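1. I'll drop the sequence and a predicted model, then ask my questions.
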Amino acid sequence: MNLNEQIRRSFYQRYTDIMPRGAGALFFIQMFSTLAYSVLYSTLVLYITNGLHINDRSATGITTSFIAFNYALHLLGGYVGGRFLSYRALFCIGMAIQITGCVLLSVPTTDMLFWGLSAFLTGAGLNVTCINCMMTQLFRPDDKRREAAFLWNYSGMNVGFFAGFTVSGWLQLQNAYHSLFLFAALGNLFALSLGIIHWKKLRDTHSSLNRLTKTEQKSAYIKGMLLISSLILCLRFLLKNSTASNELIMLAGIFMLGVISFIALRQPTPERSNKIWAYLILAFASIAFWTLYQMAPMGLTLFIARNVDRHFLGILVAPQWVQNINTIIIIVGGPVLSIVFSHLRHKGTALTVPLQFGIGLLCIGLALSVLPLGIQLADVQGFVDFRWILLCYALQSIGELFISPIGYAMVGQLAPPHLQGIMMGTWMMMTGVAATLSGYFSKMALGSGLSTDPLITNPGFSYTFGMLGGAAILTGVALLFLTPVILRLTMEKKIPEESSAIVPAQI
């Protein structure tokens, strides 16, 4: 064996000591699969208005429904994955459907817009939960490496966001929407290829599908494919009726919170039941956070475009590029926070999940609360200095690091193995509920007037941002006070193992 081969094997051995096989593949799968969504997230409303010449109100309604459905459908992904199709199979099928959706969107007609969005949402809604479940099943429930893996994956996801936002801004300025959507399709193709190449590493381990006979599995596959086909048709109808769609998402969210509460009551042991109650408390905190966060592609984007002086360091900043403030902080901060958490745990000090959620809420509350101050210091024409936006997005991004990847890891720790898919899907669906609430608050900020003059619209923005920021800060403080209660709910008693004991969960 030569020296290079020894070095390569030594590095690989060290990596596998830190992370299980498959974690590295999922990092790059996450990165490439995110790229297409970032393109639509940042450019869809501009494409609908500038490329298809649809009015602002309709464009905003379609965009709101798109964002909300993207997250709400993660619940369905958690239900279908591991039950009708394996997580890895559903991911690959979803990616193929997303590619089809991007190609349809590249055809500049209203009809193709709805078909393309329906196909894209079907793929994205189903496969995002699969990535998280494939990552979760690589670890034992008490394996603390899971938190670090999700932080790294979250960083990889934001590499995809950075590429998508950057290219979107550049091509959108040239009105090259056809090329932009084909670029998005190419990113999905890379993700699909990686999923196929690493197929064996990503096999299901504890899913319901594994316990079925071959005949039962074949029947489950057919049901899964029929469900996917039906979903595309349903979304085609719902996207054209955005008001009804948003109401449906809110009702679905309330229903699922009731379902999870019922599941908690039916658990065979108090320990399992208490963990699910803790999950529900943190779910409400998550909704509060994401309601403010999802202001970004709606009310906050309009505020930046119309009420902010976007000249910074001699450059006119495109609206899509503002999102990269977030991605850069996440890309750098994810691995850094992972190292910090590992160091603290090694020293015997760990930041619990409720504490991290409280910090996240305080950060995003402060992020919106600084904007009214910036509005008060606006120039004579009402334009706010761009540095207030930098501060807002920096605080928001720090808060995101403390909630989003930590929340995914928490679900894997609190959910029983047979409920991980449904509870992961519900957790992600709550972001869809939050997006719908963000749409309501965005309309509040815009008011009923038609003026875009900053001097006229600034008071509405200032009131809404200040109210939401203050509410988030109060929620964060309340969660910090509830931390001891949540920790008691998640503690596990030692039980006879068939020879070992489970240590108390450190969440």
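-> Received the coordinates, thanks.
2. mind listing what's buried along the longest helix anywhere in the chain?
-> With DSSP state H setting the assignment, residue counts place helix 454-490 as the longest helix in the chain. For helix 454-490, the neighbour count (16 or more other CB atoms under 10 Å) marks 454, 457-458, 460-462, 464-469, 471-473, 475-476, 479-480, 482-483, 486-487, 489-490 as buried. C-beta coordinates here come from the backbone N, C-alpha and C atoms, glycine included.
3. what's around R203, how many residues?
-> In terms of burial, R203 registers 14 neighbours under the definition other CB atoms under 10 Å.
4. what secondary structure does the residue lying closest to it once chain neighbours are set aside sit in?
-> Of all residues not flanking R203 in the chain, R88 sits nearest, at 6.6 Å (CB to CB, 6 or more residues apart in numbering). Three-state assignment for R88 (DSSP: H, G, I helix; E, B strand; the rest coil): helix.
5. so, low pLDDT: which residues of the stretch 101-250 of the chain?
-> Along the stretch 101-250 of the chain, the model assigns pLDDT under 70 to residues 140-144, 146-147, 151, 206-207, 210.
6. and the helices in it?
-> 110-136, 145-173, 177-197, 214-238, 242-265 (DSSP state H, counting those that start in this stretch).
7. and these as TSV, adding distance to V336 and mean neighbour count?
-> Compiled in TSV, the helices of the stretch 101-250 of the chain are given as follows (distance: least, CB to CB, whole Å; neighbours: other CB atoms under 10 Å):
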stretch	distance to V336	mean neighbour count
helix 110-136	20	25
helix 145-173	9	23
helix 177-197	26	20
helix 214-238	39	14
helix 242-265	33	16
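8. reformat the ones you listed as TSV; add distance to S273.
-> Output for the helices of the stretch 101-250 of the chain, formatted as TSV (distance: least, CB to CB, whole Å):
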stretch	distance to S273
helix 110-136	21
helix 145-173	22
helix 177-197	36
helix 214-238	29
helix 242-265	5
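9. for H343, which of those is the nearest?
-> helix 145-173 (11.3 Å; CB to CB).
10. list the buried ones in stretch 345-362?
-> Residues of stretch 345-362 classed as buried under the neighbour-count rule (16+ other CB under 10 Å) are 350-362.
11. pull up the distance across that stretch, start to finish.
-> Terminal residues of stretch 345-362 are spaced 23 Å apart (CA to CA, to the nearest Å).
12. now it: average pLDDT?
-> Stretch 345-362 comes out with an average pLDDT of 83.
13. contacts for it next, please.
-> For stretch 345-362, the external contacting residues (CB atoms under 8 Å, 6 or more residues apart in numbering) are 144, 282, 285-286, 288-289, 341, 344, 398-403, 406-407, 410, 472-473, 475-477, 479-480, 482-483, 486-487, 506-507.
14. and the strands in the stretch 301-450 of the chain, which stretches?
-> Here the stretch 301-450 of the chain has its strands, by DSSP state E, counting those that start in this stretch, at 308-309, 311-312, 315-316, 384-385.
15. least reliable of the ones you listed going by mean pLDDT?
-> Lowest mean pLDDT within the strands of the stretch 301-450 of the chain: strand 315-316, a mean of 84.
16. sheet partners, orientation included, of that one?
-> When sheet partners are counted by DSSP bridges, strand 315-316 sits next to strand 311-312 (antiparallel).
17. please name the residues that touch F312.
-> When the contact criterion is CB under 8 Å, 6+ apart, the partners of F312 are 386-387, 390.
18. any chance of a ChimeraX selection covering the buried ones in these?
-> The following ChimeraX line selects those of the contacts of F312 that are buried, judged by 16+ other CB under 10 Å:
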select :386
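19. may I see the contacts of F312 organised as CSV, with distance to G224 and pLDDT added?
-> Rendered in CSV, the data for the contacts of F312 read as follows (distance: CB to CB, whole Å; pLDDT from 0 to 100):
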residue, distance to G224, pLDDT
F386, 48, 93
R387, 50, 93
L390, 45, 92
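20. between the contacts of F312, which is nearest V336?
-> Sorting these by how near they are to V336, with CB to CB, puts L390 at the top with 19.2 Å.
21. test my guess that the closest one contacts N326.
-> No: using CB atoms under 8 Å, L390 is not in contact with N326, being 10.9 Å away.
22. nearest to L104, of the helices of the stretch 101-250 of the chain?
-> Between L104 and these, the shortest gap by CB to CB is with helix 110-136, which sits at 3.5 Å.
23. from the contact counts, what lies against the closest one?
-> Taking 3 or more CB pairs under 8 Å, 6 or more residues apart in numbering; DSSP states H and E as contact, the helices and strands that helix 110-136 lies on are helix 23-46, helix 56-72, helix 74-80, helix 87-105, helix 145-173, helix 214-238, helix 386-414, helix 420-446.
24. the nearest residue to L337 once chain neighbours are set aside: how many residues sit nearby?
-> Taking CB to CB, 6+ apart as the measure, L337 lies nearest to L401, with 5.5 Å between them; neighbours along the chain are not counted. Here the count is done by other CB under 10 Å, and L401 has 24 residues near it.
25. over to G82?
-> Counted with other CB under 10 Å, the burial measure for G82 works out to 28 neighbours.
26. same thing with the one 4 residues further on?
-> Using other CB under 10 Å, S86 is surrounded by 25 other residues.
27. help me confirm that it comes into contact with L209.
-> Yes: counting by CB under 8 Å, S86 does reach L209; the two are 5.9 Å apart.
28. so how far is T483 from C130?
-> Distance, C130 to T483, by CB to CB, to the nearest Å: 32 Å.
29. do the same with M225
-> Noted for M225: a distance of 45 Å to T483, by CB to CB.
30. cool, and Q356?
-> With distances taken as CB to CB, Q356 is found 10 Å from T483.
31. kindly report the same for E400.
-> Separation of E400 from T483 (CB to CB) stands at 20 Å.
32. output the helices and strands packed on helix 110-136 as TSV; include the columns distance to L113.
-> What follows is the helices and strands packed on helix 110-136, written out as TSV (distance: least, CB to CB, whole Å):
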stretch	distance to L113
helix 23-46	9
helix 56-72	8
helix 74-80	22
helix 87-105	7
helix 145-173	16
helix 214-238	11
helix 386-414	29
helix 420-446	19
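33. so which of these gets nearest Q376?
-> helix 386-414 (10.3 Å).
34. now do that closest one against helix 145-173, angle only.
-> 140 degrees (axes from the mean of the first three to the mean of the last three CA atoms, to 10 degrees).
35. list the buried residues for helix 386-414?
-> By 16+ other CB under 10 Å, the buried positions in helix 386-414 come out as 386, 388-389, 391-414.
36. kindly report the same for stretch 323-339.
-> By neighbour count on 16+ other CB under 10 Å, the buried set for stretch 323-339 is 323-331, 333-334, 337-338.
37. which single one of those is nearest to L189?
-> For the buried residues of stretch 323-339, the minimum distance to L189 (CB to CB) is 21.8 Å, reached by T327.
38. ok, the closest one touching G156?
-> No: here T327 lies out of contact with G156, judged by CB under 8 Å, at a distance of 11.2 Å.
39. mind checking how far W388 is from G382?
-> Taking CB to CB as the measure, W388 and G382 are separated by 13 Å.
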